[in-house]
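Asker: Mind folding the following:
(one chain, ligands or ions: 2)
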Amino acid sequence: MDNRFQSIRGFNDIFFPESYKLQSIEDTAVRYFNLYNFREIRTPLLEKTDLFVRSIGTSTDIVEKEMYTFEDSGGESLSLRPEGTASAVRAYLEHSIDKQDPVQKWFYRGPMFRHERPQKGRFRQFYQAGCESLGIADPFIDVEIIKLADTIINALPVRGITIRINSIGCPECRPGYIKVLKSYLGTIKESLCDDCKRRIDTNPLRVLDCKKQGCIAATANAPKTTDYLCGDCSAHFNTVKTGLDGLRLSFLTDPRLVRGLDYYSRTVFEFTAEDAGAQNAVLAGGRYDYLVELFGGTHTPAIGFAMGIERIAGLIDMPSTQGPDVFIIPLTEESKQKALAIALLLRRGGRTCETGFGEKTLKSMMRRADKLQSFSVAIIGNDELKEGYVTLKRLSDGHQEKIKDADIVNAVQSIKA
Ligand SMILES: [Zn+2]
Ligand SMILES: [Zn+2]
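Answerer: Ligands and ions are numbered 1, 2, ... in the order given. So this is what the prediction gives:
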């Protein structure tokens, strides 16, 4: 290939069986989203840049340096979506769904885009599945959503996951905490990285989120959000913790967990995996009770999470994949029509099968069946055509039987058992 046409760095072609693994993870998530009565929403991959800037916040890594932003030919600034929540909230308001029925439960899946440094398990086009519950303030919704996340992770199955939760308060109590945090950070400023020195003024909460060892050590005794919650936030957080205990779900209360995006309030949570000593979030979410208001709607409490499909894929073994149940071998030109009919019967009966069209000899078709790791072959020659049967052969031991056309599905079932 002419390498001028190569794909863009961090944007991948994904082939089987990796694609199958990602598909299994997404399908598992979707199955549980449906069980919890979430409905799918599909929003555009491209939105006006301001949507993300306003919701995610100007002094976040995403908005500062990770968005794919460009001007279209009309001069409008557009961005590829770096996450799913902002678009969901936009759609909620744009279609006046808040006025018809403010309580909505939505899920989404699909690609997100961030211009990060590509590294193991991190790509510039990556896949997420997530859900949003809009319109309910009850802390038991938080418990239910965290349990949903836990159920998906366990069904996959991913082991060695730690659930971390925290509360970052509300507009009532957070300013008081930020003030205390700022003055504390001022006293340890010299031990912080350059980014964090700057964040003291722009987004002090983010200093707690810094992954640099120096910053983690320097802020070990930083004041905790949970010590400054107002009465309502404190009661909310206590109910969430009690509810999780009631489900016997173990979790850590992590005062450093503040999440990187501006729009969160009260409950925030992360599911992390231990990877070479570092905490790697595979799923993250929280409340965003003020985001709908920020976009001009009425006050609407909300909570959601998103899971990183590739990050989770990195933690699970490749699922074992199988070849087709049957490879169909038409020995003559005349038997091809029947080969197709048998293939349709098998597929209708839920059996995977492959046809040998395109191969010319029995030998080449047998070779192809082997290569595809087919469980069996169904041979159809002129005798089979005339007398209404197929010759079904199990490839593991060569066991073979004549099977009446109409019995093919059951016969495959019984030789597989
Ligand atoms: Zn509060
Ligand atoms: Zn730092």
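Asker: what's the neighbour count on the closest residue to residue 113 other than its chain neighbours?
Answerer: Counting by Cβ to Cβ, 6 or more residues apart in numbering, residue 113 lies nearest to residue 80, which is 3.8 Å off, once chain neighbours are set aside. From N, CA and C alone the C-beta is placed, and that goes for glycine too. Neighbour count of residue 80, defined by other Cβ atoms under 10 Å: 21.
Asker: Kindly report the same for residue 206.
Answerer: For residue 206, the neighbour count with other Cβ under 10 Å is 22.
Asker: what number of residues lie near residue 324?
Answerer: Residues near residue 324, counting by other Cβ under 10 Å, number 19.
Asker: Which residues are in contact with it?
Answerer: 352-354, 372, 374-375 (Cβ atoms under 8 Å, 6 or more residues apart in numbering).
Asker: again, only using 10 Å
Answerer: Taking Cβ atoms under 10 Å, 6 or more residues apart in numbering, we find residue 324 in contact with 346, 351-355, 369, 372-377.
Asker: Over to residue 98?
Answerer: Taking Cβ under 10 Å, 6+ apart as the test, what residue 98 contacts is 89, 92, 104, 134-135, 292, 297-298, 300.
Asker: redo that, cut-off 6 Å
Answerer: Taking Cβ atoms under 6 Å, 6 or more residues apart in numbering as the contact definition, residue 98 lies against 92, 297.
Asker: Pretty sure it sits in a helix.
Answerer: Yes. Assessed with DSSP: H, G, I helix; E, B strand; the rest coil, residue 98 lies in a helix.
Asker: Against residue 302, how distant is it?
Answerer: 11 Å (Cβ to Cβ, to the nearest Å).
Asker: and residue 166, bridged to which residues?
Answerer: Taking DSSP bridges, one obtains residue 268 as the residues bridged to residue 166.
Asker: Phi first, then psi, for residue 46.
Answerer: For residue 46, the backbone dihedrals are phi -120, psi 130 (criterion: degrees, to the nearest 10).
Asker: Can you give me the pLDDT of it?
Answerer: Residue 46 carries a pLDDT score of 98 in this model.
Asker: Excluding sequence neighbours, find me the nearest residue to it.
Answerer: Of all residues not flanking residue 46 in the chain, residue 78 sits nearest, at 5.4 Å (Cβ to Cβ, 6+ apart).
Asker: Would you agree the residue nearest to residue 113 is in contact with residue 68?
Answerer: Yes. At 4.1 Å, residue 80 and residue 68 qualify as touching, with contact defined as Cβ atoms under 6 Å.
Asker: list residues touching both of these two?
Answerer: Joint contacts of residue 80 and residue 68 (Cβ under 6 Å, 6+ apart) are residue 113.
Asker: Is the lowest-mean-pLDDT helix or strand in the chain in proximity to ligand 2?
Answerer: Across the helices and strands of the chain, mean pLDDT, DSSP states H and E gives its lowest value to helix 61, namely a mean of 86. No. Shown here: helix 61 not in contact with ligand 2 (Cβ under 5 Å from the ion), separated by at least 11.5 Å.
Asker: among the contacts of residue 324, who's most crowded?
Answerer: Within the contacts of residue 324, most neighbours by other Cβ under 10 Å means residue 377, with 27 neighbours.
Asker: what about that one, helix or strand, and which?
Answerer: strand 376-380 (DSSP states H and E).
Asker: tell me what that strand is packed against?
Answerer: Using 3 or more Cβ pairs under 6 Å, 6 or more residues apart in numbering; DSSP states H and E, the elements in contact with strand 376-380 are strand 326-330, strand 389-394.
Asker: From ligand 1, how far off is residue 235?
Answerer: According to Cβ to the ion, to the nearest Å, residue 235 stands 10 Å off from ligand 1.
Asker: Next: residue 409.
Answerer: Distance, residue 409 to ligand 1, by Cβ to the ion: 62 Å.
Asker: what about residue 102, how many neighbours?
Answerer: The burial count for residue 102: 17, using other Cβ under 10 Å.
Asker: List the residues that contact it.
Answerer: Residue 102 is in contact with residue 135, counting by Cβ under 6 Å, 6+ apart.
Asker: Using the three-state scheme, assign it.
Answerer: Secondary structure, three-state DSSP: residue 102 is coil.
Asker: among the helices and strands packed on strand 376-380, which is nearest residue 125?
Answerer: Nearest to residue 125, of all those, is strand 326-330, at 35.5 Å by Cβ to Cβ.
Asker: For that closest one, give the mean pLDDT please.
Answerer: Mean predicted confidence for strand 326-330 is 98.
Asker: got the domain boundaries for the chain?
Answerer: Following automatic domain parsing, one finds the domains of the chain at 3-173+229-313, 326-416.
Asker: Same list, those, but as CSV with distance to residue 209 please.
Answerer: Output for the domains of the chain, formatted as CSV (distance: least, Cβ to Cβ, whole Å):
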stretch, distance to residue 209
domain 3-173+229-313, 5
domain 326-416, 47
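Asker: Could you pull out the helices in the stretch 251-400 of the chain for me?
Answerer: Secondary structure of the stretch 251-400 of the chain by DSSP state H, counting those that start in this stretch: the helices cover 291-294, 309-313, 336-348, 362-371, 382-387.
Asker: most packed of the helices and strands packed on strand 376-380?
Answerer: Among the helices and strands packed on strand 376-380, strand 326-330 has the highest mean neighbour count (mean count of other Cβ atoms under 10 Å), at a mean of 27.
Asker: What residues does the stretch 101-250 of the chain have near ligand 1?
Answerer: Residues of the stretch 101-250 of the chain found near ligand 1 (Cβ under 5 Å from the ion) are 169-170, 172-173, 230, 233.
Asker: Now distance to ligand 2, neighbour count and secondary structure too, for those residues, in a markdown table please.
Answerer: As requested, these are exported to a markdown table (distance: Cβ to the ion, whole Å; neighbours: other Cβ atoms under 10 Å; DSSP: H, G, I helix; E, B strand; the rest coil):
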| residue | distance to ligand 2 | neighbour count | secondary structure |
| --- | --- | --- | --- |
| 169 | 22 | 24 | coil |
| 170 | 26 | 18 | coil |
| 172 | 28 | 12 | coil |
| 173 | 25 | 20 | coil |
| 230 | 28 | 16 | coil |
| 233 | 26 | 22 | helix |
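Asker: could you dump these to JSON lines with pLDDT?
Answerer: Output for these, formatted as JSON lines (pLDDT from 0 to 100):
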{"residue": "169", "pLDDT": "95"}
{"residue": "170", "pLDDT": "95"}
{"residue": "172", "pLDDT": "94"}
{"residue": "173", "pLDDT": "95"}
{"residue": "230", "pLDDT": "97"}
{"residue": "233", "pLDDT": "97"}
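Asker: Brilliant, that's me finished.
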